[in-house]
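**Student:** This is the structure alone, sequence omitted:
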């Protein structure tokens with residue numbers, strides 16, 4: 001099969017990475033606008049979303065999921081802990097390691113974060129049919145399967 005992009009005619013601003021990056025940036029900016037009253041950053045609400053789906057997670061697992069370096073993750077966890085949204089628990093089998101869990105205050109942020117994302121996605125997808133959305137999601141999953 002012939003490659004879809006040709007270096008001779010490729011324009012980065014028309015390419016997949018550029019466009020997906022712009023969509024991601026728009027999602028983050030618009031979601032942050034919705035969540036401004038909660039005083040949480042994009043990095044913070046993304047961590048809360050991930051953690052709300054799990055009983056606990058280690059900082060190293062979060063680093064891998066979000067492609068963060070350990071120092072940045074430590075600072076992010078420190079801020080969320082200082083705000084009372086998560087807690088660190090030492091692992092019994094390895095006292096050097098910690099597990100992270102949302103506090104009740106952190107869990108309470110999950111519904112408004114989900115509501116904000118739904119509002120942003122619905123606004124961004126105006127004019128799309130349910131079938132088109134399912135196709136778009138399927139295309140993105142196919143791209144990820146090729147990685």
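**Tutor:** Arrived safely, thanks for sending. As the structure is a prediction and not an experimental result, all values here were calculated from the model. Numbers count the residues shown, from 1 in each chain.
**Student:** Could I get the buried residue list for the worst-scoring helix or strand of the chain on mean pLDDT?
**Tutor:** Evaluated with mean pLDDT, DSSP states H and E, the helix-and-strand set of the chain has its lowest mean pLDDT in strand 94-102, which scores a mean of 82. Using 16 or more other C-beta atoms under 10 Å as the test for burial, strand 94-102 gives 98-102. Glycine gets a C-beta too; all of them are placed from N, C-alpha and C.
**Student:** moving C-terminal of that strand, what's the next helix or strand?
**Tutor:** Per DSSP states H and E, strand 94-102 leads on to helix 104-124 as the next helix or strand towards the C-terminus.
**Student:** for the next helix or strand after that following helix, packing partners?
**Tutor:** Proceeding N to C from helix 104-124, the next assigned helix or strand is helix 130-145, under DSSP H and E. Taking 3 or more C-beta pairs under 8 Å, 6 or more residues apart in numbering; DSSP states H and E as the contact definition, helix 130-145 has no neighbouring helices or strands.
**Student:** quick check, nearest of the buried residues of strand 94-102 to residue 53?
**Tutor:** Taking C-beta to C-beta as the measure, residue 53 lies nearest residue 102 of these, at 10.3 Å.
**Student:** Surely that closest one is in contact with residue 86?
**Tutor:** Yes - counting by C-beta atoms under 8 Å, residue 102 does reach residue 86; the two are 5.4 Å apart.
**Student:** any common contacting residues for the two?
**Tutor:** The overlap between the contact sets of residue 102 and residue 86 (C-beta atoms under 8 Å, 6 or more residues apart in numbering) consists of 48, 51.
**Student:** for the most centrally placed residue in the chain, what are its contacts?
**Tutor:** Closest to where the C-alpha atoms of the chain average out (C-alpha atoms, centre = their mean) is residue 46, at 4.2 Å. With contacts defined as C-beta under 8 Å, 6+ apart, residue 46 is in contact with residue 66.
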